[in-house]
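*Asks:* build me a structure from this.
(2 chains)
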Amino acid sequence: EDQVTQSPEALRLQEGESSSLNCSYTVSGLRGLFWYRQDPGKGPEFLFTLYSAGEEKEKERLKATLTKKESFLHITAPKPEDSATYLCAPLGNFGNEKLTFGTGTRLTIIP
Amino acid sequence: KAGVTQTPRYLIKTRGQQVTLSCSPISGHRSVSWYQQTPGQGLQFLFEYFSETQRNKGNFPGRFSGRQFSNSRSEMNVSTLELGDSALYLCASSLDRDNSPLHFGNGTRLTVT
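*Replies:* Just a heads-up that it's a prediction; the model follows:
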């Protein structure tokens, strides 16, 4: 069975203080990985798809990277509006038909 | 383009009752998935439908069921509600391409008392 672990569970940063979130997984037939952002009371919002080891994707202050066993979401000079829970979900044998999500990292950026 | 729409947004039910939740996918999306989200367990996969057929099912009891209509709209039903069914129920739609991302609605918050 696919397993996904995200760390840390929670992270508090000062505005402008860069850091990284980790997503590690054991997945059969890894074909890629999704990153999502979730704000309180809302559904997850799609951020990135990474398809192969070594791939990187960027969006504003976020950069996601992928290896065969883990993915990182790097946050550079974050702002308070980056506060959210960040979720990852690797794409395995079932593709997008049956995803296993990590429990997320709750990120708080303090002004 | 309108996003995924879920109704109702909030529901309060008592133990033993049943409930039906509704989901309208993004236009052109034919795959609809349902997930349960709780603070302790995170997002748990319930089931996935494509062209009115259930293609995948998660590890939930038979009290949880769903269906998809010819216009891709979907419903899920939970019978004989238990306190532990209190959760945020999320619907997501996607293009029928293996690696295309899921697009989520804002969920239905179900509280069972």
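*Asks:* ok, residue 77 - how many residues close by?
*Replies:* Picked chain A for this. 10 (other Cβ atoms under 10 Å in any protein chain shown). No exception for glycine: its C-beta is placed from N, CA and C like everyone else's.
*Asks:* look at chain B instead
*Replies:* Neighbour number of residue B:77 under other Cβ under 10 Å is 13.
*Asks:* can I assume it is in contact with residue B:34?
*Replies:* No - assessed by Cβ atoms under 8 Å, residue B:77 is found out of contact with residue B:34, at 10.7 Å.
*Asks:* now do the shared contacts for those two.
*Replies:* Common neighbours of residue B:77 and residue B:34 are listed as residue B:66 (criterion: Cβ atoms under 8 Å, 6 or more residues apart in numbering or on different chains).
*Asks:* contacting residues around stretch B:60-76?
*Replies:* B:20-25, B:29-30, B:32, B:34, B:36, B:44, B:46-47, B:49-54, B:77-80, B:89, B:91, B:93.
*Asks:* near chain A too, which of the residues you listed?
*Replies:* residue B:50 (Cβ under 8 Å from any Cβ of the partner chain).
*Asks:* and the gap between residue A:5 and residue B:102?
*Replies:* 20 Å (Cβ to Cβ, to the nearest Å).
*Asks:* if you could redo that for residue B:82, that was the one I meant.
*Replies:* 27 Å.
*Asks:* cool, residue A:51 as well?
*Replies:* Remark: distance between residue A:51 and residue B:102 (Cβ to Cβ) = 16 Å.
*Asks:* what about the closest residue to residue B:17 other than its chain neighbours, which helix or strand?
*Replies:* Of all residues not flanking residue B:17 in the chain, residue B:81 sits nearest, at 5.3 Å (Cβ to Cβ, 6 or more residues apart in numbering or on different chains). Assigned by DSSP states H and E, residue B:81 falls within no helix or strand.
*Asks:* neighbours of residue B:81, how many?
*Replies:* 20.
*Asks:* can you list the residues of chain A near chain B?
*Replies:* A:31-32, A:34, A:36, A:41-46, A:49, A:51, A:87, A:89, A:91, A:94-104.
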